[in-house]
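K.L.:
I would like to see how this sequence folds:
(one chain, ligands or ions: 1)
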Amino acid sequence: MKPVLVRSVAELRKITGEWRRKDEKSAVVPTMGALHEGHLTLVREGFRRADRVVATIFVNPKQFAANEDFGRYPRDEDSDVAMLASEKVNAVFIPSPAEMYGPHFATTVSLAGPAKAGLEDKYRPQFFDGVTTVVAKLFLQTGADFAMFGEKDYQQLMTVTAMARDLDIPITVIGVPTVREEDGLAKSSRNRYLSKHERSQAVAIYKTLTQAAEKIRNGTDHQVATTAAVRSLTTLGFKVDYVTARNAETLAVPKTASEPLRLIAAAWIGKTRLIDNIAV
Ligand code: AMP
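P.N.:
As a prediction, this is how the structure comes out:
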C-alpha cells in the first residue's frame with residue numbers, strides 16, 4: 001500500500017492520533033530526502049520496534065549556513081516516496097518551510113553538551129540549533145514512541161538523544177549502525193556530488209579511520225593515531241576539518257586510556273564535505 005502523503009501538521013496529528021487511539025506504537029524517521037539504503041535501514045529498524053512508521057522529508061533551511069549547499073541539496077520527492085512505499089511506510093510527512101516555520105516563528109532549541117563538543121559545531125556553528133529545533137518539532141508533531149537516527153551522524157545522534165532527555169519528550173531515540181557501500185564508504189545523499197575520481201578517493205576516510213582504530217586498539221596513543229590519520233588524508237588530497245578520538249558517550253576529549261572511544265572525522269574532497277565515524 002502507498003503511504004499517506006501528509007503536508008500539514010494538522011493532518012499529521014490526525015493520523016498519528018488515530019494510531020495512538022488504537023494503542024499502536026509508532027516510529028519516526030526524520031530525513032532530508034534523497035533517500036538511500038541507509039535511510040531505508042532506519043525504516044526497517046523502526047518497524048522492528050513499532051507498528052507504524054512515519055518518515056519525514058524536510059530540507060531544513062535552519063541547519064544550513066548561507067555558504068552551504070541548501071540550494072543544490074538533492075531533492076527527488078517521487079523517487080523518495082516510491083522507496084518508502086516499497087518499505088511499507090505508513091505515512092510520509094513533507095512539510096513546506098512555511099508549514100514548519102510560520103511568519104512569527106521565534107523559538108530556538110539550543111543545546112550545550114554533545115552539541116558543543118568542538119566537532120561539527122566548530123565548522124558549522126548554525127547546524128545543531130537548526131537540527132534540534134526542527135527535530136524537537138518533529139518529535140512533538142508526530143508524538144512518536146521511537147525516533148530512528150543513524151550513527152553516521154554521530155554527534156547529531158548524541159545531541160538529539162540529549163535533547164529528548166532534557167526536554168522530557170516521551171520518545172526513545174534509537175541509533176542505527178552506518179550502512180556502507182561495498183568498498184566501505186558511508187552511504188550519504190551528498191555522495192551524489194562526487195565525480196568518479198572523487199568517489200574512488202572518498203573511501204580513504206573510512207580506511208584511514210579503520211587503520212587508526214586498529215592502532216589505538218594495539219596501544220598507540222589516540223592523539224598520535226589521529227594525527228597520522230590527518231596527515232595521510234591530507235597527503236591524498238583531502239582538506240581535513242578534523243579526525244579525532246572522543247568519549248563515545250559524551251564526545252568529550254578522552255582523559256583516561258580505558259574510556260570507550262569513537263573516532264570521528266570530517267574532510268573535504270573537492271567541493272564536497274564528507275563525515276564518518278567508527279567505534280574503536
Ligand atoms: P539525512 O537525510 O542525511 O539528514 O539523514 C537522515 C537520517 O538518516 C539521519 O539519522 C542519518 O544519520 C541517517 N543516515 C544517513 N546516512 C546513513 C547511513 N549511511 N547509514 C545509516 N544511517 C544513515
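K.L.:
who's in contact with the biggest helix by length in the chain?
P.N.:
The single longest helix within the chain, with elements called by DSSP state H, is helix 127-142. The contact list for helix 127-142 (Cβ atoms under 8 Å, 6 or more residues apart in numbering) reads 9, 12-13, 16, 26, 28, 30, 54, 56, 58, 60-65, 93, 100, 107-111, 115, 120-121, 147, 155-156, 159-160, 163-164, 167, 169, 171. Every residue, glycine included, has its C-beta placed from N, CA and C.
K.L.:
buried residues in that helix?
P.N.:
Across helix 127-142, burial judged by 16 or more other Cβ atoms under 10 Å covers 127-139, 141-142.
K.L.:
quick check, nearest of those residues to the ligand?
P.N.:
The ligand has its nearest neighbour among the buried residues of helix 127-142 in V131, at 8.7 Å by Cβ to the nearest ligand atom.
K.L.:
L157: how many residues sit nearby?
P.N.:
19 (other Cβ atoms under 10 Å).
K.L.:
OK, contacts around the residue in the stretch 101-250 of the chain that the ligand sits nearest to?
P.N.:
At 2.2 Å from the ligand, G150 is the closest residue in the stretch 101-250 of the chain, using Cβ to the nearest ligand atom. Shown in contact with G150 (Cβ under 8 Å, 6+ apart): 38, 41-42, 157, 175-176, 178-179.
K.L.:
now do 6 Å
P.N.:
38, 176 (Cβ atoms under 6 Å, 6 or more residues apart in numbering).
K.L.:
related to what we said a few turns ago, which two of the buried residues of helix 127-142 have the greatest separation?
P.N.:
Largest separation among the buried residues of helix 127-142 by Cβ to Cβ: F127 and T142, giving 22.1 Å.
K.L.:
Any quick PyMOL command for the buried ones out of the contacts of helix 127-142?
P.N.:
In PyMOL, a selection of the buried entries from the contacts of helix 127-142 looks like this (16+ other Cβ under 10 Å):
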select buried, resi 9+12+16+26+28+30+54+56+58+60+62+63+64+93+100+109+111+115+120+121+147+155+156+159+160+163+164+169+171
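K.L.:
What about the contacts of helix 127-142, which are in helices?
P.N.:
9, 12-13, 16, 100, 120-121, 155-156, 159-160, 163-164.
K.L.:
Just give me the neighbour total for the closest residue in space to T272 that isn't next to it in sequence.
P.N.:
Leaving aside its sequence neighbours, T272 sits nearest to Y193 (Cβ to Cβ, 6 or more residues apart in numbering; 4.4 Å). Close neighbours of Y193, defined as other Cβ under 10 Å, add up to 19.
K.L.:
again, but for K25
P.N.:
So K25, with other Cβ under 10 Å, has 14 neighbours.
K.L.:
Surely the residue nearest to T272 touches K271?
P.N.:
No - between Y193 and K271 there is no contact under Cβ atoms under 6 Å: 7.0 Å.
K.L.:
I'd like the distance between the spatially most central residue of the chain and K25.
P.N.:
Centroid-nearest residue in the chain: D153, 3.9 Å away (criterion: Cα atoms, centre = their mean). D153 sits 24 Å away from K25, taking Cβ to Cβ, to the nearest Å as the criterion.
K.L.:
And D145, by the same measure?
P.N.:
On the measure of Cβ to Cβ, D145 and K25 end up 5 Å apart.
K.L.:
again with V243
P.N.:
For V243, the distance to K25 - Cβ to Cβ - is 39 Å.
K.L.:
which residue ranges form the strands in the stretch 51-200 of the chain?
P.N.:
Taking DSSP state E, counting those that start in this stretch as the criterion, the stretch 51-200 of the chain carries its strands at 52-57, 91-93, 146-150, 172-176.
K.L.:
Packed most tightly, which of these would that be?
P.N.:
strand 52-57 (a mean of 26; mean count of other Cβ atoms under 10 Å).
K.L.:
got a list of contacts for that one?
P.N.:
With Cβ under 6 Å, 6+ apart as the criterion, strand 52-57 contacts 19, 24, 26-31, 33, 43, 46-47, 80, 84, 89-94, 138, 142.
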